[in-house]
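Enquirer: how would this look folded up:
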Amino acid sequence: MPTKSKAWLIGGGIGSLAAAAFMIRDGNVPGGNISILESASILGGALDGDGDPVRGYSMRGGRMLTTDNYECTWDLYKSIPSLQHPGKSVLDETLEFNQLHKSNSRARLVDCRRAKVPVTSMGFSMRDRLELLTLSRTSEEALAASRITDWLSPSFFGTPFWYMWSTTFAFQPWHSAIEFKRYLQRFLLEFSRIETLAGVKRTVYNQYDSLVLPLQAWLAHQGVHFLTGRTVTDMDHTQQDGRFTVTALHCSVSGIADTIAVNEGDLVFFQNGSMTDASSLGSMTTAPAQLTKADSGGWTLWEKLAAGRSDFGNPAAFNSLIAQSVWESFTVTLQNPAFFDQMTSFSGNEPGTGGLVTFQDSNWLLSIVLAFQPHFVNQPAGVHVFWGYALFPDRVGDFVPKPMAACNGAEILQELCGHLRFDLETFARANCIPCRMPYITSMFMPRLPGDRPLPVPAASKNLAFISQFVEIPEDVVFTVEYSVRAAQMAVYELLNIEREVPPVTPHAQSPHAQFEALIKAFK
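Expert: Model (predicted):
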């Protein structure tokens, strides 16, 4: 990349932040030549976290991390200084934190009697085992656009394994069989310890404070430009040497049109699609608005680019069925420790060691997780924050006679108290902020080859795609790793960087991992 050339990154999520870092660290691109264009007022994309003790804290979710995988993520964060621990990298502080706070869930599943479900057995019948083996050995070409339910019998979806696996990774029975197979292979190590979540690693704080802010601070120190409040609406392009070449970006800034020239030698990185598009927040007294694609523009630019260009993907495969990609989360801010004390006594886990507690008989399929406190950098002593979510917000509750999607924060807490048999006084002075996300699992929708573009399509000269909606063989979507890997692949290819992208660790080929999974499957 010529020293005077510029890089334009569309979208301010972790993919763009990582791409900027790889350009600087491995491509020797001056930070001042890089601009990140983001329509929101802050960066971070789906890795969000905001609030205070008065307004309440809120985060849409948190991605699961491991140190047995996530090769590109840790390759990046070994180079990013911690904001909280001078002299250490983000990787250093994360490893040290997890040595002190190890996952060992003692209440992974809870039934309708408020009893902890024994999970030493995965509950498989011989038929379940054979069908699971068949699916895992079937090629992606043969799986095509099939769903998980096309390969596994109804009994499988009532096993303890399914309740734990589906809520850990947010799978629904109608999701892509290919994605399910990839998860089984990528996280084979987790198959044998899914009941304790021993392989799960956590950041010191929420992922916005622990991953986004230090990376953003490092990029700012390098001179990277953050252009927030700027929505890219279209691209001008030409065909150079038979390849698609971006020549200009059309933007909207506070309703005013603007055009950015993309000159010869410049590069464009685009975060196509959005799993948090049209998200909406509620409050203790109001349910989140039920927004759709018409209420936000997170898919529009990709749809324009892909029209008539098969190598740029097919966004309709992912954004056409909100009913199959929606779920709802909630963040609760507490002014006293009563709930945390009761949950610690009930679960047997100190906050930060237990992972998800799933109420398997809940109509909403409700789960909660108590992180180590404080969970936000600005969270004062005496304030506690926890997070939860439900995979079926369209169903009527067990204790509240309405769908979760129609519930305010107070009603969600009432439903949670019903499952735990806790008195509502436990949530005195609580602030529960629900969040509806219509596209949160859209990347899991069944798809055909070509529905996701390559990070750098063959027909592209200066445009790369970096998001959860690109095609990376062997890796799995709905992870921080996928966005970071896509960014690293795109940067290395467009800049002709000779350093190798860290390969996906082939745990599925490990005899030891296979043996452990086999033992677990037959318990």
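Enquirer: list the contacts of residue 305.
Expert: Residues counted as contacts of residue 305 (C-beta atoms under 8 Å, 6 or more residues apart in numbering) are 235, 270, 272, 312. C-beta here means a position set from N, CA and C on the backbone, and glycine is covered the same way.
Enquirer: how far away is it from residue 315?
Expert: The gap separating residue 305 from residue 315 is 9 Å, by C-beta to C-beta, to the nearest Å.
Enquirer: and if you look at residue 351?
Expert: Counting by C-beta to C-beta, the separation of residue 351 from residue 315 is 39 Å.
Enquirer: ok, residue 467 - contacts?
Expert: 11, 13, 15, 270, 271, 272, 273, 483, 486.
Enquirer: surely residue 111 meets residue 358?
Expert: No. Here residue 111 does not reach residue 358: they are 10.2 Å apart, not a contact under C-beta atoms under 8 Å.
Enquirer: kindly export stretch 379-388 (C-alpha atoms) in PDB.
Expert: Taking C-alpha atoms only, stretch 379-388 is exported to PDB below (Å, rounded to 0.1, in the frame of the first residue of the first chain):
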ATOM      1  CA  GLN A 379     -19.500   0.700  38.500                       C
ATOM      2  CA  PRO A 380     -19.300   1.700  42.200                       C
ATOM      3  CA  ALA A 381     -19.000  -0.600  45.200                       C
ATOM      4  CA  GLY A 382     -22.400  -1.800  46.400                       C
ATOM      5  CA  VAL A 383     -23.900  -1.800  42.900                       C
ATOM      6  CA  HIS A 384     -24.400  -5.200  41.200                       C
ATOM      7  CA  VAL A 385     -25.100  -5.900  37.500                       C
ATOM      8  CA  PHE A 386     -26.200  -9.100  35.900                       C
ATOM      9  CA  TRP A 387     -27.400 -10.100  32.400                       C
ATOM     10  CA  GLY A 388     -29.900 -12.500  31.000                       C
END
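Enquirer: show me what counts as buried in it.
Expert: Residues of stretch 379-388 classed as buried: 379, 383, 384, 385, 386, 387, 388 (neighbour count, 16 or more other C-beta atoms under 10 Å).
Enquirer: of all these, which comes closest to residue 53?
Expert: residue 383 (4.8 Å; C-beta to C-beta).
Enquirer: so the closest one sits against residue 334, correct?
Expert: Yes. Between residue 383 and residue 334 there is a contact under C-beta under 8 Å: 6.9 Å.
Enquirer: circling back: okay, residue 351 and residue 315: which has more neighbours?
Expert: Neighbours per residue (other C-beta atoms under 10 Å) separate residue 351 from residue 315, with residue 315 holding more: 25 against 20.
Enquirer: so what pLDDT did that one get?
Expert: With respect to pLDDT, residue 315 has a value of 97.
Enquirer: what about it, distance to residue 451?
Expert: In this view, residue 315 and residue 451 are 8 Å apart by C-beta to C-beta.
Enquirer: could you list every residue that touches the nearest residue to residue 335 once chain neighbours are set aside?
Expert: Of all residues not flanking residue 335 in the chain, residue 429 sits nearest, at 4.3 Å (C-beta to C-beta, 6 or more residues apart in numbering). Residue 429 is in contact with 334, 335, 336, counting by C-beta under 8 Å, 6+ apart.
Enquirer: confidence score at the last one?
Expert: Looking back up the chat, that one is residue 336. Looking at residue 336, its pLDDT is 94.
Enquirer: quick one: contacts for residue 131?
Expert: Contacts for residue 131 (C-beta under 8 Å, 6+ apart) come out as 151, 152, 153, 156.
Enquirer: hang on, the second one is in a strand, isn't it?
Expert: Same thing as residue 152. No. Assessed with DSSP: H, G, I helix; E, B strand; the rest coil, residue 152 is coil; it does not lie in a strand.
Enquirer: do I have it right that it meets residue 133?
Expert: No. Counting by C-beta under 8 Å, residue 152 does not reach residue 133; the two are 11.0 Å apart.
Enquirer: make JSON lines from the contacts of residue 467 and add distance to residue 476, secondary structure and pLDDT to it.
Expert: What follows is those, written out as JSON lines (distance: C-beta to C-beta, whole Å; DSSP: H, G, I helix; E, B strand; the rest coil; pLDDT from 0 to 100):
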{"residue": "11", "distance to residue 476": "21", "secondary structure": "coil", "pLDDT": "97"}
{"residue": "13", "distance to residue 476": "17", "secondary structure": "strand", "pLDDT": "96"}
{"residue": "15", "distance to residue 476": "15", "secondary structure": "helix", "pLDDT": "97"}
{"residue": "270", "distance to residue 476": "21", "secondary structure": "strand", "pLDDT": "98"}
{"residue": "271", "distance to residue 476": "18", "secondary structure": "coil", "pLDDT": "97"}
{"residue": "272", "distance to residue 476": "18", "secondary structure": "coil", "pLDDT": "97"}
{"residue": "273", "distance to residue 476": "16", "secondary structure": "coil", "pLDDT": "95"}
{"residue": "483", "distance to residue 476": "12", "secondary structure": "helix", "pLDDT": "97"}
{"residue": "486", "distance to residue 476": "12", "secondary structure": "helix", "pLDDT": "98"}
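Enquirer: of the residues you listed, select the buried ones using a ChimeraX command.
Expert: Here is the ChimeraX selection string for the buried members of the contacts of residue 467, based on 16+ other C-beta under 10 Å:
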select :11,13,15,270,271,272,273,483,486
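Enquirer: the residue nearest to residue 150 when sequence neighbours are not counted and residue 477, how far apart?
Expert: Distances taken as C-beta to C-beta, 6+ apart place residue 177 nearest to residue 150, at 6.2 Å, with adjacent residues excluded. For residue 177, the distance to residue 477 equals 14 Å [C-beta to C-beta].
Enquirer: also residue 164?
Expert: For residue 164, the distance to residue 477 equals 20 Å [C-beta to C-beta].
Enquirer: of residue 111 and residue 358, give the one with the bigger neighbour count.
Expert: More crowded of residue 111 and residue 358, by other C-beta under 10 Å: residue 358, with 27 against 13.
Enquirer: so who does the more buried one touch?
Expert: Counting by C-beta under 8 Å, 6+ apart, residue 358 makes contact with 108, 109, 110, 163, 164, 167, 365, 366, 367.
Enquirer: same deal with residue 286?
Expert: residue 408.
Enquirer: got a pLDDT number for it?
Expert: 98.
Enquirer: ok but it is inside a strand, no?
Expert: No. Counting by three-state DSSP, residue 286 is located in no strand; its state is coil.
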